[in-house]
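K.L.:
Prediction below, plus the sequence it came from.
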Amino acid sequence: MASAKRDIRSIIDSFSDDLILIAQEIAREQVERAVAEWQAKNEKVLAKQARQDEKTQRLEEKARRNQLALERIERVAEKRRAREEQKAAERALRLEQRLISDAEKAEKKSTRGRKRGGLLDEAAAKKEPSPPPLFVHKRRRDGEIEQLKRGEDESAGTSANGSGANVNGAAAPATAVAHAVPEQLRLGL
């Protein structure tokens, strides 16, 4: 009898194992069927969510590309501004150098123009040559300095005694010089 009990027990154990496997298989099939039904019902929602995910991903990618493009444009604009500033500085330097060289050329031309002839020389050639200016000063006894002026006879030449002074040794009166000598020559210009 013991062997029959053992045999029955082993049959029951194997049968219970088979029932557990069958129950697991049925549960798996029902879960798959429920998931398939849920997916069928919510397919539109899932498709919409997938499209939104793709759209979000595309927007993020586009924003990243736009940011990179914006940074690239800013770098190019900064380089362009730096180039323009450098060119402007070079132009200003060249202009300054040109002004300096033009001023030097003008000074050289003005000295050459007087030597070779020009409007100033034509006017000076028509006038009589003026005597060189007097740089001699006369000091009085009280310590005051008096500038000597050329007399009328001195500008035309020297007097009979060759000194350019009157007979008594004094210079010619200034009123006579003022009428005979133009104002520019009196001022030393």
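P.N.:
Cool, the structure landed.
K.L.:
Val35 versus Asp53, what's the distance?
P.N.:
Per CB to CB, to the nearest Å, Asp53 is found 20 Å from Val35. All C-beta atoms are positioned from the backbone trio N, CA, C, and that covers glycine.
K.L.:
domain parsing for this protein?
P.N.:
Domain assignment for the chain, taken from automatic domain parsing, gives 49-126, 127-187.
K.L.:
Lys62 is in what secondary structure piece?
P.N.:
Assigned by DSSP states H and E, Lys62 falls within helix 43-116.
K.L.:
Likewise for Ser130?
P.N.:
Ser130 belongs to no helix or strand when elements are defined using DSSP H and E.
K.L.:
Confidence-wise, which of the domains of the chain is weakest overall?
P.N.:
Among the domains of the chain, domain 127-187 carries the lowest mean pLDDT, at a mean of 58.
K.L.:
What helices and strands are in contact with the helix holding Lys62?
P.N.:
Judged by 3 or more CB pairs under 8 Å, 6 or more residues apart in numbering; DSSP states H and E, helix 43-116 is in contact with helix 119-126.
K.L.:
Count residues in the vicinity of Ser130, would you?
P.N.:
14 (other CB atoms under 10 Å).
K.L.:
for Ala4, same thing?
P.N.:
Per other CB under 10 Å, the neighbour tally for Ala4 reads 8.
K.L.:
cool, the one 5 residues further on as well?
P.N.:
The number of residues packed near Arg9 is 10, by other CB under 10 Å.
K.L.:
Please apply the same query to the one 3 residues further on.
P.N.:
Neighbour count for Ile12, taken as other CB under 10 Å: 10.
K.L.:
So it: helix, strand or coil?
P.N.:
At Ile12, secondary structure determined by DSSP: H, G, I helix; E, B strand; the rest coil is helix.
K.L.:
10 is where my numbering starts, stick with that
P.N.:
With the count now opening at 10, the last piece we talked about shows up as Ile21.
K.L.:
Locate Glu155 within the secondary structure: which element?
P.N.:
Element membership of Glu155, judged by DSSP H and E, is strand 154-156.
K.L.:
Okay, buried residues for that strand please.
P.N.:
Within strand 154-156, no residue is scored as buried using 16 or more other CB atoms under 10 Å.
K.L.:
Bridged to Ile154, which residues?
P.N.:
Counting by DSSP bridges, Ile154 is bridged to Arg148.
K.L.:
Look up how far Leu196 lies from it.
P.N.:
Look at Ile154 and Leu196: by CB to CB, they are 19 Å apart.
K.L.:
what do you get for Leu102?
P.N.:
According to CB to CB, Leu102 and Leu196 sit 42 Å apart.
K.L.:
likewise Arg18?
P.N.:
Distance of Arg18 to Leu196, given as CB to CB: 150 Å.
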